[in-house]
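Colleague: A structural model of the following input is requested.
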Amino acid sequence: MPIISKGGRKSWKVRFIYLMLYTVLILGTITMVYPFLLMLSSSVASPFDFDDLSIIPKYLKNDDALLKKWFFCALFRSEADTRNNRPPCAVKGNPA
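Modeller: Below you'll find the predicted structure:
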């Protein structure tokens, strides 16, 4: 048995309450999902693009940004990375 009857749902007051309820729920969802997506995108960031706060990294959309990231990672690869045979950055197509 519903709390609000079918006749009560046609009232403008009840419709406004539903509108406000769904608005609050959607805003709450956005405030939870956006930081999660930002965390996922920053998990593949290197020191080159660490300060870029976008959900989709620039190097996935722009080939120039990918090239700049690859050059940065190739030039500033540390000695510890070369000794341990670890890749310098998370860049697609990097054979290191």
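Colleague: break this structure into its domains for me.
Modeller: 1-43, 44-96 (automatic domain parsing).
Colleague: looking at those, which is buried most?
Modeller: Comparing the domains of the chain by mean neighbour count (mean count of other CB atoms under 10 Å), domain 44-96 ranks first with a mean of 13. (Each C-beta comes from the backbone N, C-alpha and C, glycine too.)
Colleague: helix, strand or coil for Phe50?
Modeller: Taken by DSSP: H, G, I helix; E, B strand; the rest coil, the conformation at Phe50 corresponds to coil.
Colleague: I'd assumed Ser43 was in contact with it.
Modeller: No - using CB atoms under 8 Å, Phe50 is not in contact with Ser43; the gap is 10.9 Å.
Colleague: check which helix or strand Ser46 maps to.
Modeller: For Ser46, there is no helix or strand it lies in under DSSP states H and E.
Colleague: quick one: pLDDT of it?
Modeller: The per-residue pLDDT reported for Ser46 equals 74.
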